[in-house]
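Student: Quick one, fold the following:
(one chain, ligands or ions: 2)
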Amino acid sequence: MASSPSSDRAALLKAFDESRTGVRGLVESGVPSVPSIFHHPDPYASVLLAPPGVSIPIVDLSLPAPAAAASAAAAARDWGFFHLVNYHHHLVPSPSSSDYRARALAAVQAFNELPGPERAKPYARAPVAGGVSYSSNVDLFRSPSASWRDTMEIEKADPACIPAACRAEVLEWDAQATAVGRAVLGLLSQGLGLRATALEDASCLEGKVMVCHYYPVCPEPERTMGLVPHTDVAVIVGLAQDGVGGLQVKHVGEDGRSQWVDVRPLPGALVVNVGDLLQMMSNDEYKSVEHRVLMNTREEPRVSIALFFNPGKRGDSDLYGPLPELVSTENPAKYRDFSIPEFLEAFFSRELGSKVLVEHFKL
Ligand SMILES: O=C(O)CCC(=O)C(=O)O
Ligand SMILES: [Fe+2]
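Tutor: Ligands and ions are numbered 1, 2, ... in the order given. Alright, predicted model coming up:
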């Protein structure tokens, strides 16, 4: 019996997933070209590139609090993305000084470059017992094209389950990035005219997911993508990227047209962005923004670590939606309230995409 293209694709996806060694495993096996399951019809799709010199705003955390809050709020309103600099005085004191961020990125790279059988051990589709999973493409079986990326996800992990190659470093980074995340949530709360602890009180520091990406070198970068355009399912995200580049943000330029703006690596800076949940909690004051990762043509892999801050209270009766303080008869709620289980079910039933949850809960 002749097989159909879709059953061929399903079989190829299954075989790829069962290899348990991700895209890096394909590269190690010496694939000379990008296999068909990773082909994107138009990886550089349709939207203009911003002229050189256009870039996301920079928020300086060493400014006096009111100025820092105004700057973070303006960036969250106008761009949904910013570089955070001078955050070091918010870090947790630690005997091992120096660059936690660089250490964590290097350790994630080391994990991804372990021999295949070693890194295959935690291979699983999240969520899993122990809170750690390594896999390729969160939406592998739901999306039309796979992307050139492997990912380790860490959520409420038992430290013993984090691979030894990066355990100490990712735990250290989690503690540091959480301290910085607390400061950013404070600024963004103040920027909404609320008390500094408003978002923290809504449990937004308690439901964290750390997502460590590895984008292997690619034999045909123009045929595939690192990460398809999407908005983040989170309150905020703090991202550490290495020096390779490829992340782009969609922004409406001065001429009113959308364009892709490169988020060029800025040494030492953390990239912070607004997720769909904060857009809804802020009743559209802050905007989640579409972003993507293009494959680089450099002969080196790219590593990034994204820390997703989500609400930790997740019962069916813990409801989220526009913060009550922001809603009035003049400014009615633009979204209905929802529980986190309801939110996650909507997320896991779809491929990665843009604003799908914002649309889902819109009134
Ligand atoms: O790797 C990056 O720079 C972006 C990662 C990202 O957008 C995500 O994990 O949602
Ligand atoms: Fe993202």
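Student: now the strands for the stretch 101-250 of the chain?
Tutor: Secondary structure of the stretch 101-250 of the chain (DSSP state E, counting those that start in this stretch): strands located at 132-135, 150-154, 207-215, 225-230, 236-241, 247-252.
Student: could these go into CSV alongside distance to ligand 1 and mean neighbour count?
Tutor: Any C-beta I mention is one placed from the backbone N, CA and C, and that applies to glycine too. Putting the strands of the stretch 101-250 of the chain into CSV (distance: least, CB to the nearest ligand atom, whole Å; neighbours: other CB atoms under 10 Å) gives the following:
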stretch, distance to ligand 1, mean neighbour count
strand 132-135, 13, 22
strand 150-154, 8, 25
strand 207-215, 5, 23
strand 225-230, 6, 22
strand 236-241, 5, 24
strand 247-252, 4, 20
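Student: and V23, which of these is closest to it?
Tutor: Closest to V23 of the strands of the stretch 101-250 of the chain, according to CB to CB: strand 150-154, at 5.4 Å.
Student: now the closest one and strand 207-215, what's the angle there?
Tutor: Angle, strand 150-154 to strand 207-215, by axes from the mean of the first three to the mean of the last three CA atoms, to 10 degrees: 160 degrees.
Student: what does strand 150-154 rub up against?
Tutor: Applying CB atoms under 8 Å, 6 or more residues apart in numbering, the contact partners of strand 150-154 are 22-24, 108, 111-112, 122, 126, 131-138, 162-163, 166, 170, 174, 209-214, 216.
Student: ok so, going back, just send the strands of the stretch 101-250 of the chain back as CSV, with mean pLDDT and distance to R101 too.
Tutor: Shown next, in CSV, are the strands of the stretch 101-250 of the chain (pLDDT from 0 to 100; distance: least, CB to CB, whole Å):
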stretch, mean pLDDT, distance to R101
strand 132-135, 96, 20
strand 150-154, 97, 16
strand 207-215, 97, 13
strand 225-230, 94, 20
strand 236-241, 98, 5
strand 247-252, 95, 16
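Student: quick one, which of these is nearest to S317?
Tutor: Nearest of the strands of the stretch 101-250 of the chain to S317, taken as CB to CB: strand 207-215 at 16.1 Å.
Student: helices or strands next to the closest one in the packing?
Tutor: When contacts are defined as 3 or more CB pairs under 8 Å, 6 or more residues apart in numbering; DSSP states H and E, strand 207-215 sits against helix 100-112, strand 150-154, helix 167-191, strand 225-230, strand 302-310.
Student: redo that, cut-off 7 Å
Tutor: The contact analysis (3 or more CB pairs under 7 Å, 6 or more residues apart in numbering; DSSP states H and E) places strand 207-215 against helix 100-112, strand 150-154, helix 167-191, strand 302-310.
Student: Among those, which comes closest to L352?
Tutor: Per CB to CB, nearest to L352 of the helices and strands packed on strand 207-215: strand 150-154, 11.6 Å.
Student: Looking at the stretch 1-150 of the chain, which residue is nearest ligand 1?
Tutor: With CB to the nearest ligand atom as the measure, R149 is the residue of the stretch 1-150 of the chain nearest to ligand 1, at 7.8 Å.
Student: Kindly apply the preceding question to the chain instead.
Tutor: Closest approach between the chain and ligand 1, counting by CB to the nearest ligand atom: S304, at 3.5 Å.
Student: what's the burial count for that residue?
Tutor: When neighbours are counted by other CB atoms under 10 Å, S304 registers 25.
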